[in-house]
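1. With the input below, show me the fold.
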Amino acid sequence: MSRALPEIETALVVSATAGDSASVTAVVRALQGPVFAVAQRMLGDAGDAEDATQESLIRIVTRLGQFRGEARFTTWALRIAVRRILDFREHRAARASYSFDEFSADLADGADHEAPERIEDALLHRQIKIACTRAMLHCLDGDHRIAFVLGDVLELSSVDAAEVLEIEAATHRKRLSRARAAMQEFLGRNCGVYDAVAPCRCHARLGRALALGRVDPNALEAKHGDLVQLRRHISTFEQMRRVAAFFQADPELEHRRDFVVVVREMLTTLDTDHLEDPP
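-> Model (predicted):
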């Protein structure tokens, strides 16, 4: 599964719009990964992200007849998905979950700076880094989080991201710049992976994270590399690119739901009039 937007050929969209089941399946299969990647980062909770992804995909396939070819199909589809994700459960994604200062205090709470950085804990350290990265996104409000996710995680151009968000490209660039600056300041002040002189270390957080259930030794999501390699990798980038490199180093998120099956089943019974956006 890739977070990058796929290229979906016009012929496939035309065939799906005409009701060809295999083409509809191909469209859903191509979009499910990128849509879930956005939903998970915007909503945090995996179950909510799966629900929002499912609803987004249904909206996309039931509106295929509205696609006029005035934008790339994937950009048009992502615009529908992002609109649904931002509206999901009373605009939950619009709010920051906590401030950067509150998150910084949480990282310092219970840290054991005498703990050794053991090779055998490398995957757990990587889990902590991934969890921290995802939590950090929720220090941003919704406008800046979605700007950062589209610009620095999915690596959309400002023109494409602005088209998805239905705002001016200059507005997107300003939001992305402010989000990067906030991340850069926080990481530089706290994160030893991002900056070797910063105080927080994943191995110092391990005992606290295990006690709170924030990492699971039986669910080692990070399968490749360790933080020593990642520190070296990130240090090779110039300052402005290091924030994006920090986030892009995480593995892609995996959903548990088979959206192709779910969407196909729902389309057989759903009254599509209920999927129309409110005026």
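2. Give me the three-state assignment for the nearest residue to Phe103 once chain neighbours are set aside.
-> Of all residues not flanking Phe103 in the chain, Cys139 sits nearest, at 5.4 Å (C-beta to C-beta, 6 or more residues apart in numbering). Every residue, glycine included, has its C-beta placed from N, CA and C. At Cys139, secondary structure determined by DSSP: H, G, I helix; E, B strand; the rest coil is coil.
3. from now on call the first residue 27
-> I'll keep to 27 as the first residue from here, and by that count the last item is Cys165.
4. which ones are touching Cys165?
-> Ala122, Ser123, Tyr124, Ser125, Phe126, Phe129, Ala208, Phe212 (C-beta atoms under 8 Å, 6 or more residues apart in numbering).
5. switch to 6 Å and redo it
-> Applying C-beta atoms under 6 Å, 6 or more residues apart in numbering, we find Cys165 in contact with Ala122, Phe126, Phe129.
6. So which of these wins on neighbours?
-> Phe129 (19 neighbours; other C-beta atoms under 10 Å).
7. Which one of the contacts of Cys165 is nearest to Leu150?
-> Lowest distance from Leu150 to the contacts of Cys165 (C-beta to C-beta) belongs to Phe129, with 20.2 Å.
8. The residue lying closest to Ile156 once chain neighbours are set aside and Ala134: what is the separation?
-> Nearest residue to Ile156 in three dimensions, chain neighbours excluded: Asp276, at 5.1 Å (C-beta to C-beta, 6+ apart). If you measure Asp276 against Ala134 using C-beta to C-beta, to the nearest Å, the figure is 23 Å.
9. And these two? Which one has more around it.
-> Asp276 (18 against 14).
10. Would you mind giving the secondary structure of that one?
-> Going by three-state DSSP: Asp276 is coil.
11. correct me, but it touches Ile154?
-> No. If you go by C-beta atoms under 6 Å, Asp276 and Ile154 don't touch, sitting 11.7 Å apart.
12. what about Ala63, how many neighbours?
-> 22.
13. That one should be in a helix, yeah?
-> Yes. Assessed with three-state DSSP, Ala63 lies in a helix.
14. Alright, calling it a day.
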